[in-house]
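# I need the structure of the sequence given here:
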Amino acid sequence: MNFRIKLLAITILPVVLISLAALILINIQSHQLAEVQGAAVEKMIRDSKESELRNYIKMAQSAVEPFYQWDNVSKIQAQKYVSDVMQQMTFGQDGYFFIFKADGTNLVHPRQPELVGHNWIDLEDSQGRRVISDLIELGRQGGSFYQYVWNKPSSGADAEKLGLSFFLDKWDWMIGSGLYMDDIAAQIGSIRQQLENNVEQTQWVLIVLAVGAVAMTSLLFAVIHISEQRLADSRLKKVAAGIVETQENERKRVSRELHDGISQLLVSARYGLDQAHSNALGNSAIADPIEKSANAISSAIAEIRRISMALRPSVLDELGLAAALKSLCDDFEAQTGVTVHSDIQTVGDLLGEREKTTYYRIAQEALTNIAKHAQATDAWVELVTSKRAVTLEIRDNGVGLSPASTTDYGGGLGMQNMLERIESHGGQLRRSVAPEGGLCLRVLLQKNSAKPKHQDAAHRQLENA
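The predicted structure follows:
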């Protein structure tokens, strides 16, 4: 794992951990809040129902009181009036009043008339509570709220019910009523569901923000990495261009010294040996060694000139790119036997000295590759100029780009060197299949393409290093 990946991981990891911690904390607190809010809502609704139920009981007491205290009629007639009133006093869909005697016999039950006339003192709900007995006892004690399970008329199912009763001592009657509590659970469930939906939305927002933060961080790192990579590539190209420029200058210097220094000394030595050989004619013992030495010096002069041309052809500086390319083609044809068809135009001032050198070196490398790998019999070298660009095209009728080829001819170090040379000038190098079947290299450089201003500075840095 390299430094950049480690730095990215260190940057993203806290965001992920904080987001996970926030999600867990929100989840825990949401459940706690749901419990607290549910309890508060339950208490509020219960208090509201208790107040409502107390009002109903007071209303029933007010309705019963005149008859209970009425002395002008018999007890039986007063009880009949009270029973009729309680039978008629209903509220809502499931609200009603009921009357039980102290022994548990039901006297009035508007919603369940089948209970009337039967004794229910021992009746228990699903929780084991003796409902009628407890309500009678609580009524005797002054009335307290009592929760039990009872059939709900509107649904026909059992539901939690909050009851309240009062007792008529003179008649031994318990009158009571109740409110069903199942709507509390529905309201609490609705509140919890709404809270869970809000929490879920908050969690998704947090997740999206966390993912966005991670993506933004990754994107920022990618942009920085690409920027650094481009900067590094630019600097590397500057250094490479400086190295190439330094190499070319050094080659020019060595080539000039070979041509103007050592070559001239050897030529002078050859003249001296030729003079000595003329004076020694007739004396084979002296003339033959002189002749051999003169021939050896001639070979040395030719070799030095060849090396000097390879390092830096003087014709490139003296006569220009077109003449240098023609000379290169002639030398290549003489050395390899490959027929070179050349169509080379004069570039004049369309290219600078550095660009001309680059074109020459690319042509030199391309012809060398043809000799080594192409197995060609013919090659074509074309230098075409226009108002906007200079194009160099080199192709052959050799083996071309074989898929199985792993040689330099298929795209190795030599090809990379050519590509780097032309890219340092902002040009293009394209490789394709030639019409003749071999490889075609096309080099294009715009007339006013930006010349790397860094080359001279890089060259000075290398010289001062």
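# Just name the shakiest helix or strand of this protein by mean pLDDT.
Each helix and strand of the chain was given a mean pLDDT (mean pLDDT, DSSP states H and E); the minimum falls on helix 454-464 at a mean of 42.
# Kindly state the domain boundaries assigned to this structure.
3-180, 319-464 (automatic domain parsing).
# Worst mean pLDDT among these?
Note on the domains of the chain: lowest mean pLDDT is at domain 319-464, with a mean of 79.
# quick check, distance from that one to the centre of its chain.
41 Å (CA atoms, centre = their mean, to the nearest Å).
# go on, stretch 227-235?
With CA atoms, centre = their mean, you get 22 Å for stretch 227-235.
# Alpha carbons of that stretch, as CSV, please.
This file holds the C-alpha atoms of stretch 227-235, laid out as CSV (Å, rounded to 0.1, in the frame of the first residue of the first chain):
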residue,chain,number,x,y,z
SER,A,227,-2.6,17.0,-11.1
GLU,A,228,0.6,15.7,-9.4
GLN,A,229,1.0,13.0,-12.1
ARG,A,230,0.7,15.6,-14.8
LEU,A,231,3.1,17.9,-13.0
ALA,A,232,5.5,15.0,-12.5
ASP,A,233,5.2,14.0,-16.2
SER,A,234,5.8,17.7,-17.2
ARG,A,235,8.9,17.8,-15.0
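# For it, what does the pLDDT average out to?
75.
# which residues are in contact with it?
Around stretch 227-235, nothing counts as a contact under CB atoms under 8 Å, 6 or more residues apart in numbering. No exception for glycine: its C-beta is placed from N, CA and C like everyone else's.
# Same check on stretch 165-180?
Contacts for stretch 165-180 (CB under 8 Å, 6+ apart): 49, 52-53, 56-57, 60-61, 64, 68, 75, 79, 82, 86, 94-103, 107, 135-136, 138-140, 142-143, 146, 150, 152, 159-164.
# Does residue 147 touch residue 159 like I think?
No - with contacts defined as CB atoms under 8 Å, residue 147 does not count as touching residue 159, sitting 11.0 Å away.
# Mutual contacts of these two, please.
residue 181.
# after the helix or strand containing residue 268, next one along is what?
Using DSSP states H and E, residue 268 maps to helix 263-279. Sequence order places helix 284-311 as the next helix or strand after helix 263-279, per DSSP H and E.
# Just the angle for that next one relative to helix 263-279, thanks.
Here helix 284-311 points in a direction 160 degrees away from that of helix 263-279 (axes from the mean of the first three to the mean of the last three CA atoms, to 10 degrees).
# Helix 284-311: how far from the chain's middle?
The mean C-alpha position of helix 284-311 is separated from the chain mean by 70 Å, CA atoms, centre = their mean.
# longest helix of the protein?
Longest helix in the chain, counting residues (DSSP state H): helix 182-257.
# chain center to it: distance?
Counting by CA atoms, centre = their mean, helix 182-257 comes out at 7 Å from the chain centroid.
# Stretch 257-277 now?
On CA atoms, centre = their mean, the centre of stretch 257-277 falls 72 Å from that of its chain.
# Buried residues, that stretch. List them.
By 16 or more other CB atoms under 10 Å, the buried positions in stretch 257-277 come out as 258-259, 263, 266, 270, 273, 276-277.
# Might you report the residue contacts of the nearest residue to residue 339 once chain neighbours are set aside?
Among residues not flanking residue 339 along the chain, residue 378 sits closest, at 4.9 Å (CB to CB, 6 or more residues apart in numbering). Residue 378 makes contact with 338-341, 396-397, 436, according to CB under 8 Å, 6+ apart.
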